[in-house]
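K.L.:
One predicted model, sequence on top.
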Amino acid sequence: KMPTVAVEKDALFTAVGHTYTDHEFDELCFEFGVELDDITSEREEAIKSSTSKLTKEQIESLSDVTIYKIDVPANRYDLLCIEGLSRALKIFLGDMDAPNYDIVAVEEDQMQVMNVQTKSTATVRPFVVCAILRDITFTPERYNSFIELQDQLHRNLCRQRTLVAIGTHDYDTVQGPFCYDARSPDRISFCPLTHSSSGEVFQNAKSLLEFYETDASCKHLKPYVPIIKDSPLYPVVLDANEVVMSLPPIINGSPSKITLNTTNVFIECTATDLTKANIVLDTVVSMFSEYCAKPFSVEPVKVNYLAEDGSGSILADKSYITPQMSTRSESASVEFINSLIGISATPQDMVQLCNKIQLGPASLKDNDTQLVVTVPPTRSDILHPVDIAEDVGIAYGYNNITRRVPQTSTVGGEQPLHTLGDLLREEIARAGYIEVLTHGLCSIHDNFTALRRKIDLDSAVELSNPANVEYQVVRTTLLQGLLKTLQHNKSASFTNGFKLFEISDVVKADYEHVVTETIVGARNVRNLCAVYSGPTSGFEIIHGLVDRIMTLTEVAPEEEYVKNSGKGAEEEYRVSRDGWFYTIRELKEGEGGHECAGSYFPGRAAEILLTKPGEDGFVRKSIGTFGILHPEVLGNFDILYPTSSLELELECLL
């Protein structure tokens, strides 16, 4: 979902320096690449809300100032507040140049320090980044925007504070050097921001979290409590006097609370992801440093990681200075940009367009064939030439792109394999089977051992660093997914049989398979799998499904197969393709037997043999198996009823 930024119309127009009608502003948003989602007010929102418990008098007292709700791209963190949005619009309109951000030069021995207890913090939130905004001026509107930006970042990039938590403090109320540590909850006592008015001090951080879990007035903090509640150590930021400044990612301390009178702001971001922590810090600094006495300037902080042996020595290879506020260069082919957008802009025009989208100064190289842009710290979304092309398209103006008829005439159509799969889905569903969609990744145990198959990792694509044991390999069979579905639906009625099927891809290792001249080492195989589980094994039901699938795909049974079935008269009216035949034969175990034979009850399984025309005459091939599953397989998946299954390759039937 795209983040929505709510800004007062008049405040936004004042910041942009232009006044628009609602329609004009809607058009401007479209041109800039954002969307005006709604035009409302606090009073109107309360009236429309179905959950509002306000009285009529309370609703009447709410503001009727017009509010614009603007949807911004999820990766444009610089647009999450009125400061960034208005600045970007002014640059886009050509009313201002993109600012240059200045890290104030401070001698390293004079720089403020954040000491990190490496050993303890590594168990919870190992990283911290910091910065100082000097001589900043807050107004009620700026203060509210400052808080709102932190909330927006917490909801989006910070993933509800699980990746990054922002703490902002009145720098003049605390004393450095600062310390970032992780301590037992009974060693953390402080007055949290939520209790500033009462001054209540909680002697145990765990009791504070329990209070936040149950107290209705703090329900906005309840979602964050589980992040650290069960941890033996809680992260904590302290000043030189051991005053608790924050208990990340939950709450800041009251002593360092920011007010409208605050002039110097200390920002710390604790994190489990250092890259995202730097993006968050750079975003906050770049948005609100414009209110400093020296606009767009920031004072750095040295983050020292201390040795785990308790000696207090600094680990120079781990320590760093923040914020980074770094710019970088990215390039894209001029031809690629023109081709992707559908324009014919000159390289020189592209250089000028980059200034409108905060990617300047731009330059050209390789005989004006490559566009090199300068990515500021606010544009962490620029990762690929496609991102550059997208922004050049916005600066050029989508409404300015000339519509033209494509030079090639093509007709789109569904791939034959997809068409076959869709048609079979409808027919199998009519036969009483329920379609399911199971996970593409599974454990080695489920894919091989639980199915009584030999573990053959040479035939499977294995993940090098799986998130957990359930995601070790890409499935080579659909059967384990259907059996797990049966396992999790034991409460359903099996009286009349329980039928499931799936048509999806499995992945096989293949070091000869080539895609666009590249050997990828694997290939997708479209399989059809069905199971029947009930009071009886249902072998004849699954066998009937095999025959039905072959009838639908116009494959005729071989003569011997027809004689055994006793359906000779019916075959006179079968519609079939010339040279296409199928039959079945008993599935053999042991040496030379089928790899899937172990999954089935001995003597109660068969393989499907397909004969079709080939380049060298008729070709016979095994395309699948079906039969009654082995009791040991059913036990591995905790299935209580006899079960039969079918699995075959669909592509062979095309």
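P.N.:
In hand now; what should we look at? This one's a predicted model, so the numbers in the text were calculated from it and none came from an experiment.

K.L.:
which residues in the stretch 351-500 of the chain form helices?
P.N.:
Taking DSSP state H, counting those that start in this stretch, the helices of the stretch 351-500 of the chain run over residues 385-396, 416-430, 444-447, 479-487.

K.L.:
Out of these, which is the most enclosed?
P.N.:
Most buried of the helices of the stretch 351-500 of the chain by mean neighbour count (mean count of other CB atoms under 10 Å) is helix 479-487; its value is a mean of 22. Using the backbone N, CA and C atoms, a C-beta is placed for each residue, glycine as well.

K.L.:
Can you tell me what sits against that one?
P.N.:
Here helix 479-487 makes contact (CB atoms under 8 Å, 6 or more residues apart in numbering) with 436, 438-439, 442, 446-447, 450-451, 475, 498, 500-502, 529-531, 533, 599, 633, 637-639, 643, 645, 647.

K.L.:
what pLDDT does the most centrally placed residue in the chain get?
P.N.:
For the chain, the residue lying nearest the average C-alpha position, counting by CA atoms, centre = their mean, turns out to be Arg159 (10.1 Å). Arg159 is assigned 91 on the pLDDT scale.

K.L.:
and what of Lys1?
P.N.:
68.

K.L.:
cool, Glu615 as well?
P.N.:
Looking at Glu615, its pLDDT stands at 69.

K.L.:
now the helices: where do they sit in the stretch 101-250 of the chain?
P.N.:
118-121, 140-155, 205-214.

K.L.:
still on that earlier bit, which members of the contacts of helix 479-487 are classed as buried?
P.N.:
436, 438, 442, 446-447, 450-451, 475, 498, 500-502, 529-531, 533, 599, 633, 637, 639, 643, 645, 647 (16 or more other CB atoms under 10 Å).

K.L.:
Report the beta-bridge partners for the closest residue to Ala429 other than its chain neighbours.
P.N.:
In space, and not counting its chain neighbours, Ala429 is closest to Glu435: 6.2 Å by CB to CB, 6 or more residues apart in numbering. Residues in a beta bridge with Glu435, per DSSP bridges, are Phe501.

K.L.:
ok so, going back, ok, which of the helices of the stretch 101-250 of the chain comes nearest Ala522?
P.N.:
Taking CB to CB, helix 140-155 is the member of the helices of the stretch 101-250 of the chain nearest to Ala522, at 37.6 Å.

K.L.:
Contacts for that closest one next, please.
P.N.:
For helix 140-155, contacts defined as CB under 8 Å, 6+ apart pick out 3, 5, 11, 77, 80-83, 138, 160-161, 164-166, 168, 258, 260, 280, 283-284, 287-288, 291.

K.L.:
Next up, the contacts around Leu306.
P.N.:
Going by CB under 8 Å, 6+ apart, Leu306 touches Asn115, Val116, Gln117, Thr118, Gly312, Ser313, Ile314, Leu315.

K.L.:
same deal with Met245?
P.N.:
Counting by CB under 8 Å, 6+ apart, Met245 touches Gly167, His169, Val174, Phe178, Val237, Leu238, Asp239, Asn252, Gly253, Pro255, Ser256, Glu268.

K.L.:
any low-confidence regions in the protein?
P.N.:
1, 50-52, 516-517, 566-572, 590-593, 615 (pLDDT under 70).

K.L.:
at 80 instead, please
P.N.:
Across the chain, the ranges flagged by pLDDT under 80 are 1, 48-55, 406-407, 467, 512-520, 563-574, 589-593, 614-618.

K.L.:
For Phe92, grab the count of nearby residues.
P.N.:
20 (other CB atoms under 10 Å).

K.L.:
wait, doesn't Glu83 sit right on Pro295?
P.N.:
No. Between Glu83 and Pro295 there is no contact under CB atoms under 8 Å: 11.4 Å.

K.L.:
Comparing those two, which residue is more hemmed in?
P.N.:
Glu83 (21 against 11).

K.L.:
Name the nearest residue to the more buried one, sequence neighbours excluded.
P.N.:
Glu83 sits nearest to Met287 (CB to CB, 6+ apart), 4.7 Å away.

K.L.:
helix/strand/coil for that neighbour?
P.N.:
helix (DSSP: H, G, I helix; E, B strand; the rest coil).

K.L.:
Going forward, the N-terminal residue is numbered 43.
P.N.:
All right, first residue 43 from here; so that's Met329.

K.L.:
Can you name the residues that contact it?
P.N.:
Asp120, Cys123, Glu125, Gly126, Leu191.

K.L.:
picking up where we left off before, is it possible to export the helices of the stretch 143-292 of the chain to CSV including mean neighbour count and distance to Arg646?
P.N.:
Output for the helices of the stretch 143-292 of the chain, formatted as CSV (neighbours: other CB atoms under 10 Å; distance: least, CB to CB, whole Å):
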stretch, mean neighbour count, distance to Arg646
helix 160-163, 18, 60
helix 182-197, 17, 56
helix 247-256, 18, 56
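
K.L.:
Pick out whichever of the contacts of Met329 sits closest to Gln457.
P.N.:
The closest of the contacts of Met329 to Gln457 turns out to be Asp120 (CB to CB; 41.2 Å).

K.L.:
Make sure the closest one is indeed in a helix.
P.N.:
Yes. According to three-state DSSP, the state of Asp120 is that of a helix.

K.L.:
Run a quick check on it versus Arg421, I expect a contact.
P.N.:
Yes. Counting by CB under 8 Å, Asp120 touches Arg421, with 7.0 Å between them.

K.L.:
check contacts around the residue nearest to the centre of the chain.
P.N.:
No contacts exist for Arg201 under CB under 8 Å, 6+ apart.

K.L.:
Relative to Val76, how far out is it?
P.N.:
Arg201 sits 22 Å away from Val76, going by CB to CB, to the nearest Å.

K.L.:
which SSE is Glu102 in?
P.N.:
Assigned by DSSP states H and E, Glu102 belongs to helix 98-103.

K.L.:
tell me what that helix is packed against?
P.N.:
Under the contact criterion of 3 or more CB pairs under 8 Å, 6 or more residues apart in numbering; DSSP states H and E, helix 98-103 touches helix 84-90.

K.L.:
what are the C-alpha coordinates of the helix it packs on, in PDB please?
P.N.:
As requested, the backbone C-alpha atoms of helix 84-90 are provided in PDB (Å, rounded to 0.1, in the frame of the first residue of the first chain):
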ATOM      1  CA  GLU A  84     -10.900  17.000  10.400                       C
ATOM      2  CA  ARG A  85     -14.600  17.700  10.900                       C
ATOM      3  CA  GLU A  86     -15.500  15.900   7.700                       C
ATOM      4  CA  GLU A  87     -13.400  12.900   8.600                       C
ATOM      5  CA  ALA A  88     -15.100  12.600  12.000                       C
ATOM      6  CA  ILE A  89     -18.600  12.800  10.300                       C
ATOM      7  CA  LYS A  90     -17.700  10.100   7.800                       C
END
